[in-house]
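Student: structure, please.
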Amino acid sequence: MKTLGRVFEDRTNNFNLIRLVAAFLVLAGHSYPLTGKPSTLTAVFGYDPGQLGVAIFFIISGFLITRSAENRSLIEYTLARLLRIVPALAVVAFATAFIVGPIFTTVPLKQYFASAETYSYLTNAIPYRTQFTLPGLFYGLPISGGVNGSLWTLPLEAACYVILPVLLLAGLMQRYWVLGVTAAAAIALLAGIKVFGLSFGNAGPVLFGVTQLYQLAYYGMYFLIGAALWVHRNDIPFSWVGAVICLVLMVAARHTSYATLALYLGMPYLIMYLAFARPIAPVLTKKIGDLSYGTYLMAFPLQQSFVSLSGKTVGAEMLTLVVTLVVLPLAWLSWRYIEKPALNWKNGFRRPAATGRPEAATAL
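Tutor: Numbers count the residues shown, from 1 in each chain. Sure, this is the predicted structure:
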């Protein structure tokens, strides 16, 4: 029987491409609120594209980061995660504060550079307490004062990175234990929704800096399902029939109260199938590199900049197109000169993996 584990070992994958699509979904999803328009994408497809994009990131991270954690010591694992996240994040935080900020701020430059808020923005390089504002920047826009709204997910991602080795050390990521942990997390999430009315609008207490309980539970569930897929990769059949069933489930449940459940049940397997079924231009994608992280980090401030330049007249579709054309070259520069060199350092901390292709481990 062909399994997910077998195709993981035997084939190249489309993870870089899928993550780039996820980053584009986030970019496109943000274009509507950033221009003050209702999302036609959500109305047509039944799912918020930004939430889908973030969920895809967490599914892939859960799958690949669990593999990474199994093959590294705790010190190696921690250094690898820091080197993957922090360098590009630090550069984007610096460029936002000292290039974008001075260009678009509405306060005098002397006041801008004298403000402690300008320099505290650099702490965004540490994915914990995210700062979303800079002096006089982007106020009066539809998302007023929001400099880089995409950064809110990074403390959540970092929280998953912290929780994962704890679960591993406790022996809870073994074959059958992980199913129990996943089921318990799903029951807890359902109870939080039904009993306490948790939602994105009522997200509960703050955890890990700016992450709230519901956010951690909602996206952490995707991460945990991805982790469970890794642990049970050799037990899971790899079949186009399964992928079609998952897709039909997701389509049928859209616009219903079961939409989130359908995503949890269907999207993780569908993403894995798309990753391994037919590698798309593997030589080209390997040569270009992973542009998803740079795209994700830089798109929001670029979108706010173009909304400001247009005098708030740019439409959501045009904003998506223009920013995509600008951010992709910048993301390539980030990959080529920041992320890839850091990744080479990161790979130096990795012990030889027991299974799987090396290039599959370039997870966010």
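Student: gap between the nearest residue to I163 once chain neighbours are set aside and F132?
Tutor: Excluding its sequence neighbours, the residue lying closest to I163 (C-beta to C-beta, 6 or more residues apart in numbering) is G220, at 7.5 Å. C-betas here are computed from N, CA, C, even on glycine. Distance check for G220 against F132: by C-beta to C-beta, to the nearest Å, it reads 22 Å.
Student: so the two - more neighbours on which side?
Tutor: Neighbour count, other C-beta atoms under 10 Å: between G220 and F132, G220 has more, with 20 against 16.
Student: still on that earlier bit, contacting residues for the residue nearest to I163?
Tutor: Listed by C-beta atoms under 8 Å, 6 or more residues apart in numbering, the contact partners of G220 are 58, 156, 159-160, 163, 185.
Student: just checking, F223 touches S61?
Tutor: Yes: judged on C-beta atoms under 8 Å, F223 makes contact with S61 at a distance of 6.0 Å.
Student: shared neighbours, the two?
Tutor: Here F223 and S61 share the contacting residues C160, scored by C-beta under 8 Å, 6+ apart.
Student: so the two - more neighbours on which side?
Tutor: A count of neighbours by other C-beta under 10 Å puts F223 above the other of F223 and S61, at 28 against 23.
Student: in which helix or strand does that one reside?
Tutor: Assigned by DSSP states H and E, F223 falls within helix 213-231.
Student: next helix or strand past that helix?
Tutor: From helix 213-231 onward toward the C-terminus, using DSSP H and E, the following helix or strand is helix 240-253.
Student: same for the helix or strand that comes right after that following helix, what does it pack against?
Tutor: Using DSSP H and E, the helix or strand that follows helix 240-253 in sequence is helix 259-276. Helices and strands touching helix 259-276, by 3 or more C-beta pairs under 8 Å, 6 or more residues apart in numbering; DSSP states H and E, are helix 4-10, helix 15-34, helix 49-70, helix 213-231, helix 240-253.
Student: and the helix or strand encompassing F306 with helix 49-70, angle?
Tutor: For F306, the host element (DSSP H and E) is helix 292-309. Helix 292-309 and helix 49-70 meet at an angle of 150 degrees, taking axes from the mean of the first three to the mean of the last three C-alpha atoms, to 10 degrees as the criterion.
Student: rounded mean pLDDT for helix 292-309, please.
Tutor: Mean per-residue pLDDT for helix 292-309: 98.
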